[in-house]
Each structure stands twice: as C-alpha cells, then as structure tokens.
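> Show me the folded form of this:
(one chain, ligands or ions: 1)
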Amino acid sequence: MALLFHSKIKRDDWWRAELKKHVPDLEVRFYPDIGNPDDIEFALCFAMPHGVLASLPNLKAVFSLGAGVDHFFEDPEFPRHLPIARVIDEELTDRMSEYVLQHVLNHHRYQHRYDQQQREHIWKEKHAPAARNRKVGILGLGALGTGAALTLKMMNFDVAGWSRSKKEVKGVESFAGPDELDAFLARTEILICLLPLTEETTGVLSRDLFAKLPEGAAIINPGRGPQLVEQDLVDALDSGHLSAATLDVFHTEPLPKENPLWAHPKVRITPHVASIAAPDRVAALAAENILRARSGEILLNQVDPDKGY
Ligand code: NAP
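So this is what the prediction gives:
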C-alpha cells in the first residue's frame with residue numbers, strides 16, 4: 001500500500017518519516033516518482049498535475065494539504081467519486097485570524113493613507129471611529145471565517161458574516177443566502193472574503209458587489225484569486241468608491257511582475273501567506289484518515305462533492 005505525495009515545498013524525507021511514524025507500513029512516494037500506479041491507494045497533495053489522480057486505478061481517498069479543495073475540482077479528470085478530506089485545524093484558523101486582524105486594523109486605522117502621506121511628507125490626521133462602531137463583514141462563516149469573526153469580536157468590532165446557511169456565532173450577525181447578501185454588503189465597511197472557490201463564488205468580488213458596499217469601504221481577500229475580478233477592483237479604487245484593498249491570493253501565482261496591482265497605491269499585496277497548515281498536523285490528520293479509509297469509516301473533515309467545499 002502506498003501514498004502519493006505532491007507539494008511545491010520539497011521536504012520529502014521529513015514527510016516520509018512523519019507519515020510512517022503514524023502508519024509504519026505505509027510506503028510514501030513523491031510525484032513524479034509514482035512507480036507502479038496500481039500500488040497507490042492514497043494521495044496527499046496540493047495542486048497535483050491534472051490527470052495524475054485519474055491514472056491511479058486503486059486510489060481510495062485523497063487528502064488536501066490545505067483547507068481548500070478547489071485544486072482537485074480544477075482537474076477536469078479528477079475522479080469525483082473518491083472521498084476527499086481537507087484540513088480544519090486550530091492553528092491554521094489562528095494564523096488566518098491573525099492575518100485578518102492585522103489587515104482589518106490597517107484599514108480601520110487608515111494605514112494606507114498614512115503610508116502614502118509618509119511618502120509625500122504630509123502630516124494630516126484622520127481619526128478612526130471606535131472599533132465597536134466599525135462594521136466588518138466576512139464572506140464565508142466556516143472554519144476560518146468564524147475564527148476570524150471571533151478574533152475581531154475580541155477587539156469589539158461590529159462583525160457580521162454571510163454564508164449559505166444561517167449561523168449562531170456569539171455576537172456576530174448572521175446573513176445567509178443570496179437574498180440576504182445585499183443587506184450584508186450595505187452594512188459592511190471592511191469586507192473580508194473567506195469563501196471557498198467554487199463555480200458560485202468565482203468572480204464574486206466584482207463591480208456589482210463593490211457597488212453595494214458603502215462609499216469608502218475596504219476589502220481584504222485571503223480566499224482565492226479567481227473570486228476577484230481584478231479590473232473591477234482597480235476601477236472601484238480609482239473611482240474612489242473603494243478606499244483600499246489587501247490581497248493575498250491571485251488568478252496567477254506568483255503574481256506576474258507586469259500586473260498593475262503591484263504598483264497600485266491603494267493595494268497592499270502579500271504572497272499567499274495568510275495561513276498555512278502546520279505539516280505535523282497535516283500528517284497526523286492524513287494518518288488518521290488512512291486508518292479510517294481502511295476500515296471503511298467516514299473521513300475526518302470529509303468534503304461534500306456536491307457543494308464543492
Ligand atoms: P469552510 O469551513 O468550508 O467555510 C466556507 C464558508 O463559505 C461556509 O460558511 C459556507 O457556507 C460559505 N459558502 C460557501 N459557498 C457559499 C455560497 N455560494 N454562498 C454563501 N456562502 C457560501 O472553509 P474554510 O476552512 O473556512 O476555508 C475557506 C477558504 O479559505 C478555503 O476554501 C481556501 O480557499 C481559503 N484559504 C486561504 C488561505 C490563504 O493562505 N490565503 C489559507 C487557507 C484557506 P455554509 O457554512 O452555510 O456551507
């Protein structure tokens with residue numbers, strides 16, 4: 001029995017040792033060294049080259065190295081009948097909450113203005129309202145969105161979330177479904193996108209959505225690049241309707257050097273670092289799921305293929 005591993009970060013010996021610590025009889029192979037495809041029963045990966053998973057006739061389950069599973073569904077040949085597990089982890093959530101808090105505070109306190117003013121040697125105050133009077137909205141109130149909402153609540157921000165189904169998160173106003181999106185947007189001064197990438201959420205951060213935010217709103221996108229229509233963001237920033245944006249994820253990563261977002265004075269860019277799952281936790285989770293798959297149990301954090309996340 002073998003597991004096929006693929007990640008852009010190369011730490012093959014570490015992964016082999018860590019997985020075998022939990023499942024001693026597991027053989028770990030590293031793409032592209034598949035060996036005999038018949039031997040592979042599990043895959044632990046992020047963005048495996050298209051078609052590879054479909055070429056493994058005895059694959060029993062696939063495990064994502066991260067919270068997102070869009071990389072599986074992007075592969076047109078992905079075998080959709082396979083059980084898929086993703087990472088839900090306290091440390092992953094904490095790291096995302098840190099990122100969200102950092103950038104909400106930057107927008108709340110108008111840091112992008114002061115950065116620009118510093119470049120121009122301008123001393124000009126603009127006082128922020130108290131956090132309790134700052135309305136923050138999170139698109140996606142799942143594992144990461146809920147963690148971020150609770151962290152923002154600790155700072156007393158006025159927090160709401162939007163999801164497919166209604167949520168009960170203490171102190172956080174819950175909006176659900178397409179019918180409640182406009183009301184959610186109308187009250188949101190700082191918008192964070194923590195939606196998974198699906199057909200429905202592709203291009204959600206668009207001209208139409210920006211127009212429903214109040215004048216001067218800011219956006220933070222640590223979700224996925226294709227959720228943002230980049231030109232619509234540039235237009236909304238240039239017209240002054242949006243005040244600033246922080247982007248962690250992009251259509252093309254690394255963001256091409258010639259992309260105008262790099263030089264936009266109202267855009268702050270981070271290189272897809274908002275949060276990462278700690279490898280020891282991912283390995284332990286994958287090991288637990290191998291044991292579960294072997295005994296025919298439901299996987300931990302199993303994804304609903306119909307919902308796509
Ligand atoms: P999750 O637990 O599955 O939560 C997703 C949330 O989005 C849920 O509340 C879900 O609603 C909502 N949602 C999905 N589709 C929707 C739709 N069409 N309309 C309204 N709401 C919708 O996912 P997560 O673990 O929080 O992760 C979210 C995403 O963050 C990942 O998929 C990944 O793309 C991204 N991420 C980025 C980084 C980074 O470093 N930048 C790191 C980790 C993850 P229901 O609860 O009602 O189903």
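> going forward, measure contacts and count neighbours with C-alpha atoms only.
OK.
> What helix or strand is the spatially most central residue of the chain located in?
The centroid of the chain falls nearest to G223 when counting by Cα atoms, centre = their mean (3.6 Å). Using DSSP states H and E, G223 is not contained in any helix or strand.
> In contact with the closest residue to it other than its chain neighbours, which residues?
Using Cα to Cα, 6 or more residues apart in numbering and skipping the chain neighbours, the partner closest in space to G223 is L194 (4.6 Å). By Cα atoms under 8 Å, 6 or more residues apart in numbering, L194 lies in contact with 138-141, 144-145, 221-223.
> go again using 7 Å as the cut-off
138-140, 144-145, 222-223 (Cα atoms under 7 Å, 6 or more residues apart in numbering).
> For it, give me the pLDDT.
With respect to pLDDT, L194 has a value of 98.
> picking that back up, of the contacts of L194, list those near the ligand.
Restricting the contacts of L194 to those touching the ligand (Cα under 6 Å from any ligand atom) yields 140, 144-145, 222-223.
> pLDDT added to those, as JSON lines?
Shown next, in JSON lines, are the ones next to the ligand among the contacts of L194 (pLDDT from 0 to 100):
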{"residue": "G140", "pLDDT": "98"}
{"residue": "L144", "pLDDT": "98"}
{"residue": "G145", "pLDDT": "98"}
{"residue": "P222", "pLDDT": "98"}
{"residue": "G223", "pLDDT": "98"}
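> quick one, helices of the protein?
Ranges of helices in the chain, per DSSP state H, are 12-22, 70-73, 90-108, 111-119, 143-154, 181-186, 207-212, 230-238, 279-294.
> Enumerate the residues of the stretch 201-309 of the chain near the ligand.
The interface of the stretch 201-309 of the chain toward the ligand, taken as Cα under 6 Å from any ligand atom, is made up of 201, 222-224, 248-249, 272-276, 309.
> So which of the residues you listed is the closest to P76?
Y309 (16.4 Å; Cα to Cα).
> State the distance from the residue nearest to that closest one when sequence neighbours are not counted to A67.
Nearest residue to Y309 in three dimensions, chain neighbours excluded: V303, at 5.8 Å (Cα to Cα, 6+ apart). Distance from V303 to A67, counting by Cα to Cα, to the nearest Å: 10 Å.
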